[in-house]
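> dropping a prediction and its sequence here:
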Amino acid sequence: MNTRIEKDSMGEMQVPDSALYGAQTQRAVLNFPISGYRFGRRFIRAMGLIKWACAKVNHDLKRLDDKRFKLIEKAAEEVIEGKLDEQFVLDIFQTGSGTSTNMNANEVISNRAIQIAGGKIGSKDPVHPNDHANMGQSSNDVIPTAIHVAAAEALRDDLLPALMHLHGALAEKAKDFDGIVKIGRTHLMDATPVRLGQEFGGYAEQVEKATERVDRAIEALQELAIGGTAVGTGLNTHEEFDKRVCAVLAKRTGIKFKKAADHFEAQAAKDAVAEASGQLKTVAVSLFKIANDIRWLGSGPRCGIGEIALPATQPGSSIMPGKVNPVMCESVMQVCAQVFGADAAITWACANGNFELNVMMPVMTHNLLESIRLLASVSRAFTDKCVDGIEANKQRCNELIELSMSMVTSLAPVIGYDKAAEIAKESHKTGKTVRQLCIEKKVLPEAKLKELLDPWSMTEPGGEGSAGG
């Protein structure tokens, strides 16, 4: 591999000729051969947006000349567009401030700007990675700003549409299944009847609330740390820099970014990231419940609950011919487990703010953005490959209602709790249905019995006495 020599404050480093990064990035490459995990597209885009916005504001404030601004702008746009992603080579498990990645961005933008200008890569002329690409900035305010920008865009553009897609499918199933009465279950035991549409309506409402939680997560991330520089004092930057950069980023992204209310809080603490992660964890809790319920409702197909049929997506066993498993539900549940674990890692990382700086920002970034990406991907796959194709087994729903001892509940207000309990116990002992026993024992006139044991009426407010659909 051909190399060139670049220098930083610690001396010379051999850098691959093909690399746009420089000495500081190469040192970090050698220091952190840890995981192979890299910052993804969303975060790299955010770094490009921030470098572009800072250069624009510095130019507007007459701190950066026209020539250098235009060169930085062109290079930063390539970062934003994803044309230079292969140049962002650093491991997630690096310096806790993300300084190495900030310098990776500075060096790439500097060298690409030099390349555009027709200069010599590594010369730092006419664009210096620190003096120009990093003007008015510090890793300590750039990285937390990039976390917020990357996550807010991913939440809005990836997760929110995916959840809305899932909500629409569940709401449609709730409507389609509203005429189907089935047995309810509490404590995994038979309970009073519900409509299958009511169950799916509950799932749709969970996802509706999940979209609201995503909106709150975006709102939590709207304050940006940029402008605080090293420790929050704003040393070496213009007094209007923070407000102006946030305004530029807000206009470019369409998200209501604003300067931090307190730069010391924004850099020393990562409470907003913890809050956003907490909202994601709750979204995952909702999706886990929905997927697990659907998995159980479709269990069987003959020896389980079997009230719904899930689409057959792939063979389920290497040894049992014809077996088809609820694989899409299992995929959702595994993603949710991953998000639960990611939230724990993020919590620990956010808690480790010492004095004026948090020093676990790369790992929280990785986990937050991965959680968003996975939840968005699995929500779409679950919708398209499972929810859309769910069918109701009306016959099975009717059978299980008639077999349930809980049907006796609607009789209790008329014949008393104790008498109703006796019938339930006898039903369990003999295998006879509640209806059969009540007819045999002539507990009530048949017309009244038919009215009280109408499953549909039990799914409506009031619970008994009104026959329906």
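Yep, it's here. Because the structure is a prediction, the values reported are computed rather than measured.

> now do the strands in the stretch 351-469 of the chain.
With strands called from DSSP state E, counting those that start in this stretch, the stretch 351-469 of the chain shows them at 353-354, 357-358, 391-392.

> which residues are in contact with the second one?
Yep, that's strand 357-358 we're talking about. The contact list for strand 357-358 (Cβ atoms under 8 Å, 6 or more residues apart in numbering) reads 96-97, 140, 144, 231, 267-270, 349-350, 352. In this view, the C-beta of every residue, glycine as well, is placed from N, C-alpha and C.

> repeat the analysis, applying 10 Å as the threshold.
Residues outside strand 357-358 that contact it (Cβ atoms under 10 Å, 6 or more residues apart in numbering) are 96-98, 138-141, 143-144, 230-232, 267-270, 273, 349-352, 364.

> so which of the strands of the stretch 351-469 of the chain is nearest Gln26?
Nearest of these to Gln26, taken as Cβ to Cβ: strand 357-358 at 24.5 Å.

> and the residue positioned nearest the centre of the chain, how far from Tyr37?
By Cα atoms, centre = their mean, the mean C-alpha position of the chain lies nearest to Ile372, the distance being 3.1 Å. Distance, Ile372 to Tyr37, by Cβ to Cβ, to the nearest Å: 16 Å.

> residue contacts, the residue nearest to the centre of the chain?
Here Ile372 is in contact with 42, 150-155, 157-160, 162, 214, 217, 276-277, 280, 283, 339, 342 (Cβ under 10 Å, 6+ apart).

> just those: which are in helices?
When DSSP state H defines the helices, the subset of those inside them is 42, 150-154, 160, 162, 214, 217, 276-277, 280, 283, 339, 342.

> show me which of those are buried.
By neighbour count, with 16 or more other Cβ atoms under 10 Å, these hold 42, 150-154, 160, 162, 214, 217, 276-277, 280, 283, 339, 342 as buried.

> out of those, flag the one nearest to Ala421.
Out of these, the member with the shortest distance to Ala421 (by Cβ to Cβ) is Val283, at 41.3 Å.

> I figured that closest one hits Ala217, correct?
Yes. Val283 lies in contact with Ala217 (Cβ atoms under 10 Å); the separation is 8.7 Å.

> any residues in contact with both of these two?
159, 372.

> and the residue nearest to the centre of the chain, how far from Leu163?
Ile372 is 11 Å from Leu163, where distance means Cβ to Cβ.

> Asp66 now?
45 Å.

> higher neighbour count, these two?
Per other Cβ atoms under 10 Å, whichever of Asp66 and Leu163 has more neighbours is Leu163, with 25 against 8.

> need the contact list for the more buried one.
207-208, 210-214, 283, 286-287, 375-376, 379-380, 383 are the contacts of Leu163 under Cβ under 10 Å, 6+ apart.

> ChimeraX command for the buried members of the residues you listed?
A single ChimeraX command selects the buried members of these (16+ other Cβ under 10 Å):
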select :207,210,211,213,214,283,286,287,375,376,379,380,383
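
> return the subset of the contacts of Leu163 lying in helices.
207-208, 210-214, 283, 286-287, 375-376, 379-380, 383.

> pLDDT weak spots in the stretch 101-250 of the chain?
Residue ranges of the stretch 101-250 of the chain with pLDDT under 70: none are present.

> now do the helices in it.
139-154, 160-176, 196-220, 241-253 (DSSP state H, counting those that start in this stretch).

> tell me which other helices or strands the shortest one touches.
Just to be clear, that refers to helix 241-253. Here helix 241-253 touches helix 41-60, helix 139-154, strand 223-224, strand 258-259, going by 3 or more Cβ pairs under 10 Å, 6 or more residues apart in numbering; DSSP states H and E.

> using CSV, list the CA coordinates for that helix.
The C-alpha coordinates for helix 241-253 follow below in CSV (Å, rounded to 0.1, in the frame of the first residue of the first chain):
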residue,chain,number,x,y,z
PHE,A,241,-22.2,31.8,16.6
ASP,A,242,-24.4,29.4,18.5
LYS,A,243,-27.7,31.0,17.6
ARG,A,244,-26.8,31.5,14.0
VAL,A,245,-25.6,27.9,13.5
CYS,A,246,-28.7,26.5,15.0
ALA,A,247,-30.9,28.7,12.8
VAL,A,248,-29.0,27.5,9.7
LEU,A,249,-29.4,23.8,10.7
ALA,A,250,-33.1,24.3,11.5
LYS,A,251,-33.7,25.8,8.0
ARG,A,252,-31.7,23.1,6.2
THR,A,253,-33.3,20.2,8.1
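
> picking up where we left off before, comparing the helices and strands packed on helix 241-253, which comes out most buried?
Across the helices and strands packed on helix 241-253, averaging neighbours per residue (mean count of other Cβ atoms under 10 Å) puts helix 139-154 on top, at a mean of 27.

> gap between it and the chain center?
16 Å (Cα atoms, centre = their mean, to the nearest Å).

> between helix 241-253 and that helix, find me the angle.
Using axes from the mean of the first three to the mean of the last three Cα atoms, to 10 degrees, the inter-axis angle of helix 139-154 relative to helix 241-253 is 20 degrees.

> quick one: helix 139-154 to helix 160-176, angle?
30 degrees.

> pretty sure Met164 is touching Glu212, no?
No. The pair Met164 / Glu212 is not scored as a contact, 11.4 Å apart, by Cβ under 10 Å.

> can you give me the buried ones in stretch 111-120?
111-114, 117, 119.

> so for stretch 190-200, first residue to last residue, what's the gap.
18 Å (Cα to Cα, to the nearest Å).

> which residue ranges form the helices in the stretch 251-400 of the chain?
All helices of the stretch 251-400 of the chain, identified by DSSP H, counting those that start in this stretch, fall at 263-268, 271-297, 327-351, 361-385, 394-403.

> got TSV for those helices, with distance to Pro193 too?
Formatted as TSV, those follow (distance: least, Cβ to Cβ, whole Å):
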stretch	distance to Pro193
helix 263-268	53
helix 271-297	15
helix 327-351	24
helix 361-385	27
helix 394-403	6
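
> so for Leu49, which of these sits nearest?
That would be helix 361-385 among these, by Cβ to Cβ, at 14.8 Å.

> would you mark the buried spots in the closest one?
361-376, 378-383, 385.

> quick one on the thing from earlier: do you know which of the helices of the stretch 101-250 of the chain lies nearest Lys74?
Checked against Cβ to Cβ, the stretch from those lying closest is helix 241-253, at 15.8 Å.

> and the closest one, how far out from the chain middle?
25 Å.

> pull out the buried positions in that helix.
Going by neighbour count (16+ other Cβ under 10 Å), the buried part of helix 241-253 is 241-242, 244-250, 253.

> thanks a lot, see you next time.
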